[in-house]
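K.L.:
here is my input; please provide its structure:
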Amino acid sequence: MSSLLLLTNALQPSTEVLPALGLLLHNVRVAPAEGPALVDTPGADVILIDGRRDLPQVRSLCQLLRSTGPGCPLVLVVTEGGLAAVTADWGIDDVLLDTAGPAEVEARLRLAMGRQQIVNDDSPMEIRNGDLSVDEATYSAKLKGRVLDLTFKEFELLKYLAQHPGRVFTRAQLLQEVWGYDYFGGTRTVDVHVRRLRAKLGPEHESLIGTVRNVGYRFVTPEKADRSSSEAKAKENRAKPEDADETAALDGTEIRAEA
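P.N.:
Below you'll find the model as predicted:
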């Protein structure tokens, strides 16, 4: 049984969007088809997107999901008339008619998850983004060939962000993914580790870890990071404010973040 996430703005059960789901043994959760609402949405094996109406808005949502890298296949559900509007730049992995039968739906879901698994299995142990390389096998990270002196948690945080370039993670999500469910420290621990990572990356590359104000952090692709670095150098004589949570973490009592 797979975990499916159905994104729809229609206030109705999943079986009205795709009736065949009512005959399949999958765990289906329904969430609003809104970008901001997806930040704290739990993961899924497949994301189904209701594209039966408002196609321009749905297209933007599909492209947003693809750019943020949810890590699972995206399957669009459309009417027969909507098929003509779907093109490769939507960024979806497959498309389903809302009238598709349970056998077809099951087959397409199975194939989509299988292709994703093949991609994951073929992924190299070394993650490369521009001048940064992260080697999972040796637990080492290099920047322009220079080995970064990272603690275990700093390495895990950098690796996790680099594995999902462009995707925004809240502090709570990073705390859960990097430190684990049994860690009882506060989310300010994430701010401290991000600050230390940026310091070790150096002024030229610290913008690889971007702050999304009031949300969290993301790994910035090298091209965007270079632009951010150039803007930072132009303001080097001005004080650079940190986000509120990080400032609170650093200006108060010293936080004993796990290394």
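K.L.:
just the pLDDT for the nearest residue to N27 once chain neighbours are set aside.
P.N.:
Counting by Cβ to Cβ, 6 or more residues apart in numbering, N27 lies nearest to S3, which is 4.9 Å off, once chain neighbours are set aside. Where C-beta positions appear, they are placed from N, C-alpha and C, glycine not excepted. On the pLDDT scale, S3 is placed at 90.
K.L.:
list the residues that contact S3.
P.N.:
S3 makes contact with 26-27, 29, 43-46, according to Cβ atoms under 8 Å, 6 or more residues apart in numbering.
K.L.:
how close does it sit to R108?
P.N.:
Counting by Cβ to Cβ, to the nearest Å, the gap from S3 to R108 is 16 Å.
K.L.:
please apply the same query to R167.
P.N.:
For R167, the distance to R108 (Cβ to Cβ) stands at 25 Å.
K.L.:
and T211, by the same measure?
P.N.:
Distance of T211 to R108, computed by Cβ to Cβ: 39 Å.
K.L.:
now swap in R196 and tell me
P.N.:
R196 sits 45 Å away from R108, going by Cβ to Cβ.
K.L.:
what's next to the strand or helix carrying L158, contact-wise?
P.N.:
Per DSSP states H and E: L158 is located in helix 152-163. Here helix 152-163 makes contact (Cβ under 8 Å, 6+ apart) with 127, 129, 132, 134, 136, 139-141, 148, 150, 169, 174, 177-179, 190, 193-194, 196-197, 200, 209, 217-219, 257-259.
K.L.:
kindly export it (C-alpha atoms) in PDB.
P.N.:
This file holds the C-alpha atoms of helix 152-163, laid out as PDB (Å, rounded to 0.1, in the frame of the first residue of the first chain):
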ATOM      1  CA  PHE A 152      29.300  15.000  11.700                       C
ATOM      2  CA  LYS A 153      26.100  17.100  12.100                       C
ATOM      3  CA  GLU A 154      27.400  19.900   9.900                       C
ATOM      4  CA  PHE A 155      28.200  17.300   7.200                       C
ATOM      5  CA  GLU A 156      24.800  15.700   7.500                       C
ATOM      6  CA  LEU A 157      23.100  19.100   7.300                       C
ATOM      7  CA  LEU A 158      25.100  20.200   4.200                       C
ATOM      8  CA  LYS A 159      24.500  16.800   2.600                       C
ATOM      9  CA  TYR A 160      20.800  16.900   3.100                       C
ATOM     10  CA  LEU A 161      20.400  20.400   1.700                       C
ATOM     11  CA  ALA A 162      22.700  19.700  -1.200                       C
ATOM     12  CA  GLN A 163      20.600  16.600  -2.000                       C
END
